Structures are given as C-alpha cells and as structure tokens.
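# turn this into a model:
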Amino acid sequence: MDKKIIHPNLRDSKREYSGDTLKFLMHQSGGFCSHPFCDSPYLSLNAHHIIQHAKGGLTTIPNGLIFCANCHRLVH
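Residues are numbered from 1 along each chain as shown. Now for the predicted structure:
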C-alpha cells in the first residue's frame with residue numbers, strides 16, 4: 001500500500017496548474033523540462049504533480065515540476 005496517500009478531505013479541488021502558479025513553475029524551470037537528461041523548450045512543457053493529485057497531492061509550487069510531454073509520460 002502506498003504510504004504517501006493523504007486523507008481525501010485534505011486534497012485541494014484544483015487539479016490543473018494555472019495562472020501565477022504555472023508561470024512560477026515555468027520560470028523556476030528556466031523554460032526547459034525539469035528531467036535531468038532533457039532540454040525540451042518552453043512550448044512543449046506540462047506541469048506535473050510530484051505526489052499525484054489522485055493520491056492527495058496538492059496543486060502547489062512545492063509539489064510541482066515542469067516536464068515535456070515525453071518525460072511526463074515516462075514518470076507516469
């Protein structure tokens with residue numbers, strides 16, 4: 001059983017990164033994929049929950065990374 005699961009009542013209702021939070025994550029990544037062996041540029045990037053939203057991960061800056069579509073698929 002996954003020990004990182006957070007009680008459902010503690011989850012936030014917002015699943016997708018947007019607005020200032022997404023802009024900050026993009027800025028923090030330098031406009032490139034956060035995967036250490038990838039340098040895909042800004043236009044093909046997606047926000048990713050480190051702890052999945054479905055498992056109680058919050059849609060917050062500390063729980064977010066920016067990945068290109070290929071690396072995002074790899075981490076799931």
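
# OK, contacts around Gly64?
With contact taken as C-beta atoms under 8 Å, 6 or more residues apart in numbering, Gly64 is in contact with 17, 21, 25, 47-50. Backbone N, C-alpha and C define where each C-beta goes, glycine included.

# of those, which belong to strands?
Among the contacts of Gly64, the members falling in strands (DSSP state E) are 47-49.

# now render those as CSV, adding distance to Cys33.
Below are the ones in strands among the contacts of Gly64 laid out as CSV (distance: C-beta to C-beta, whole Å):
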residue, distance to Cys33
Ala47, 12
His48, 10
His49, 16
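
# and His72, that's in a strand?
No. Using DSSP: H, G, I helix; E, B strand; the rest coil, the secondary structure at His72 is helix, not a strand.

# tell me the contacts of it?
Contacts of His72 (C-beta under 8 Å, 6+ apart): 46, 48.

# so which residue is dead centre in this protein?
His48 (1.9 Å; C-alpha atoms, centre = their mean).

# how near is that residue to Ile61?
For His48, the distance to Ile61 (C-beta to C-beta, to the nearest Å) stands at 12 Å.

# show me where the protein has strands.
45-49, 64-68.

# quick one: closest of these to Ser34.
strand 64-68 (4.4 Å; C-beta to C-beta).

# direction included, what does the closest one pair against?
Strand pairing for strand 64-68, using DSSP bridges, gives strand 45-49 (antiparallel).

# now do the strand it pairs with, average pLDDT.
Averaged over strand 45-49, pLDDT sits at 90.

# also stretch 19-38?
Mean predicted confidence for stretch 19-38 is 89.

# between the two ends of that stretch, how far is it?
25 Å (C-alpha to C-alpha, to the nearest Å).

# pull the longest helix from the protein.
For the chain, the longest helix by residue count, based on DSSP state H, is helix 19-28.

# which strands and helices sit next to it?
strand 45-49, strand 64-68 (3 or more C-beta pairs under 8 Å, 6 or more residues apart in numbering; DSSP states H and E).
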